[in-house]
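Student: Using only what follows, build the 3D model:
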Amino acid sequence: MANPEHTPAMEPLDSMTVTLYRTGLTIVALTTLLYSIERIIGIEILGVFYLPCFAVGIALAGADVHLYDPKFRWFIPFMAWIGFMLLSFAYALKGSGSVHIVETFSLAFFYLAAAMFSVKESFCFQIKGLNLVPFLLLGSVLCRMFHLAAPEPYILILASFLLNWLVIAKWRMPLHFDIGDKSRYVL
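Tutor: Here you go, the predicted structure:
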């Protein structure tokens, strides 16, 4: 996390990972926005590509997140990996009746990772409502599980507004703010 009194020496790898992290968050935020708009207006924009696009964003952000505490540094990508494993099973089950359940659980793990990112970033930004993102994403998963199609896009559009607001704030700050004090990283 950023320490305003400390400016780390940025190596090219640092700049690249911060850019990839922010790009992953951007993909997550924009994908969520497009999908919720698609569901509200009834015109397919992402369609079946929603889940893979969201997964790519989570993978980028998860692989490039900068956290001091090693216990948490592995946990967010681990949630994404569980989501990817379930997603691979979902594609293997295409055509069977259980594919919807497996896709929903896959999305739940991707949403869990996105929720963790929003909580992590809420310590850096004073964005009102950012801590609601985990509950909104949970609400979306519950809507899918119980086949409540009507409220889901409205829940997601609220989450997407908060995520997009976060992404805009994130891109406005210097790259070195994501790195912070490198001496605090424990292997």
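Student: going forward, measure contacts between C-alpha atoms and count neighbours the same way
Tutor: OK.
Student: tell me the centre residue of this protein?
Tutor: Central residue of the chain (CA atoms, centre = their mean): residue 114, 2.9 Å from the mean position.
Student: which residue packs closest to residue 84, ignoring adjacent ones?
Tutor: residue 106 (6.8 Å; CA to CA, 6 or more residues apart in numbering).
Student: ok, the closest residue in space to the residue nearest to the centre of the chain that isn't next to it in sequence - how many residues close by?
Tutor: Among residues not flanking residue 114 along the chain, residue 58 sits closest, at 6.8 Å (CA to CA, 6+ apart). The tally of other residues near residue 58 (other CA atoms under 10 Å) stands at 32.
Student: And the one helix or strand residue 58 maps to, what does it pack against?
Tutor: Element membership of residue 58, judged by DSSP states H and E, is helix 50-63. Applying 3 or more CA pairs under 8 Å, 6 or more residues apart in numbering; DSSP states H and E, we find helix 50-63 packed against helix 12-41, helix 75-92, helix 99-122.
Student: so which of those helices is the most packed in?
Tutor: helix 99-122 (a mean of 21; mean count of other CA atoms under 10 Å).
Student: Ok, which of the helices and strands packed on helix 50-63 comes nearest residue 63?
Tutor: Taking CA to CA, helix 75-92 is the member of the helices and strands packed on helix 50-63 nearest to residue 63, at 6.3 Å.
Student: By mean pLDDT, flag the weakest helix or strand of this protein.
Tutor: Lowest by mean pLDDT, DSSP states H and E among the helices and strands of the chain is helix 70-73, with a mean of 74.
Student: tell me which strands and helices it is in contact with?
Tutor: Under the contact criterion of 3+ CA pairs under 8 Å, 6+ apart, helix 70-73 touches no helix or strand at all.
Student: What residues sit buried inside that helix?
Tutor: Buried positions in helix 70-73, judged by neighbour count with 16 or more other CA atoms under 10 Å: residue 73.
Student: which residues touch the closest residue to residue 36 other than its chain neighbours?
Tutor: Spatial nearest neighbour of residue 36, chain neighbours left out: residue 153 (4.5 Å); criterion: CA to CA, 6+ apart. Contacts for residue 153 (CA atoms under 8 Å, 6 or more residues apart in numbering) come out as 35, 36, 37, 39, 40, 140.
Student: Tell me the spacing between the fourth one and residue 12.
Tutor: Summarising the geometry, the distance separating residue 39 from residue 12, computed by CA to CA, to the nearest Å, is 40 Å.
Student: on that earlier part again, name the element the residue nearest to residue 36 belongs to?
Tutor: helix 152-172.
Student: Using neighbour counts, pick out the buried residues of that helix.
Tutor: Those would be 152-164, 166-167, 170, for helix 152-172 by 16+ other CA under 10 Å.
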